[in-house]
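K.L.:
Sequence below, structure please.
(one chain, ligands or ions: 1)
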Amino acid sequence: MIELRGAPAAESLLQQARERLQNLPFVPHLHVVRLGEDPASVSYVRLKDRKAREIGLKSTVHVLPEESSQADLLVLIEHLNQDQDAHGILVQLPLPRHIDAQTVIETINPLKDVDGFHPENVGKLWLGQEALLPCTPAGILALCDHHQIQLSGKQVVIVGRSNIVGKPLAALMLSRDATVTIAHSRTLNLSEVTRRADVLVAAVGRPGTITPEMVKPGAVVLDVGVNRLEGKLVGDVAPEVQEVAGALTPVPGGIGPMTVANLMLNTVLAAERQR
Ligand code: NDP
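P.N.:
Now for the predicted structure:
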């Protein structure tokens, strides 16, 4: 079984970002907005801020109290939309319940939408037009490329249909000529579906969802899940899958670093397009 580590693949994305940065006459500025003190969000935002500075971007984190109103948040986004020194805007999800995430996403200028969640970017992705791509799906593709995993003509099964992972990943896999199936909580005979996969992606958010009997021997298994179990980070794929899979991403250290690296690249790409 080959372990598909994210670090080397992430490094080549970061290298690409650094090289493009050299050709810009200004330093792109990433603005990350966080509401409240959810520990996972605090740690993700810290990671993004640190990585941005590390590769030579400017980075500002805006922290608003959890009880801030939606109107306050939208005012900040509008301000950043107008700010010439804001090239990338990211609002860390999930947001508190009293805020409508979709309205927030739709308020971000699509040219600055480095998460790639704005409907304009989503639509362009499906139409095959130039867009800012969502970081995790684009990172998954970059990981496959780095490890020379062939996608064209392959059966790719994605378990999970969220707007941030499953659906956009399906569009990207399709753009690489894979035959794509999306499964979800209502899929009947899930193991029958997953056993068809040459490349199986788990993006569910539940440890142990993918068990060995659900995997075709030799398949590539990409574990997107990040779950906290007994104080440890684990994915959606049961450890025993190692015995069956041909290649598998570790958690942590697989898809996670790709997401952050792709955010850095997106910030540089957004800055280039705003010139
Ligand atoms: P969501 O909760 O938005 O979506 C989960 C999906 O899994 C849904 O489509 C749901 O189906 C499906 N599902 C739930 N239970 C089952 C089941 N028993 N069988 C089949 N499908 C099921 O999650 P996200 O897409 O936001 O995230 C998924 C995981 O990926 C999480 O662990 C998250 O932390 C992680 N993640 C990791 C990232 C990284 O950088 N490594 C980045 C983003 C997310 P239905 O639609 O029917 O409810």
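K.L.:
quick one: what helix or strand has the closest residue to P134 other than its chain neighbours in it?
P.N.:
Nearest residue to P134 in three dimensions, chain neighbours excluded: G116, at 3.8 Å (Cβ to Cβ, 6 or more residues apart in numbering). The way it works is simple: take the backbone N, C-alpha and C, and place the C-beta from them, glycine included. Using DSSP states H and E, G116 sits in no helix or strand.
K.L.:
And the one 4 residues further on, by the same measure?
P.N.:
Following DSSP H and E, the helix or strand that holds E120 is helix 119-127.
K.L.:
for L21, same thing?
P.N.:
Remark: L21 resides in helix 6-22, with elements defined by DSSP H and E.
K.L.:
which residues in the stretch 151-275 of the chain form strands?
P.N.:
For the stretch 151-275 of the chain, the strands defined by DSSP state E, counting those that start in this stretch occupy 155-159, 179-183, 199-202, 220-223, 227-229, 232-234, 247-248.
K.L.:
circling back: hmm, the helix holding L21 in reach of the ligand?
P.N.:
No - figure legend: helix 6-22 not in contact with the ligand (Cβ under 6 Å from any ligand atom); closest approach 8.8 Å.
K.L.:
Remind me what that helix packs against, helices and strands.
P.N.:
Here helix 6-22 touches helix 135-146, helix 255-274, going by 3 or more Cβ pairs under 8 Å, 6 or more residues apart in numbering; DSSP states H and E.
K.L.:
buried set for the longest one?
P.N.:
The neighbour-count criterion (16 or more other Cβ atoms under 10 Å) identifies 255-271 as the buried residues of helix 255-274.
K.L.:
ok, now the first one?
P.N.:
Using 16+ other Cβ under 10 Å as the test for burial, helix 135-146 gives 135-144, 146.
K.L.:
distance between it and the chain's centre?
P.N.:
9 Å (Cα atoms, centre = their mean, to the nearest Å).
K.L.:
cool, and the last one?
P.N.:
If you compare the mean C-alpha spot of helix 255-274 with that of the full chain, they lie 10 Å apart, counting by Cα atoms, centre = their mean.
K.L.:
Show me what that helix is packed up against.
P.N.:
So helix 255-274, by 3+ Cβ pairs under 8 Å, 6+ apart, packs with helix 6-22, helix 39-54, strand 88-91, helix 135-146.
K.L.:
Highest mean neighbour count out of those?
P.N.:
Among the helices and strands packed on helix 255-274, strand 88-91 has the highest mean neighbour count (mean count of other Cβ atoms under 10 Å), at a mean of 26.
K.L.:
Identify the residues contacting A197.
P.N.:
Neighbouring residues of A197 by Cβ atoms under 8 Å, 6 or more residues apart in numbering: 155-157, 181, 215-216, 219.
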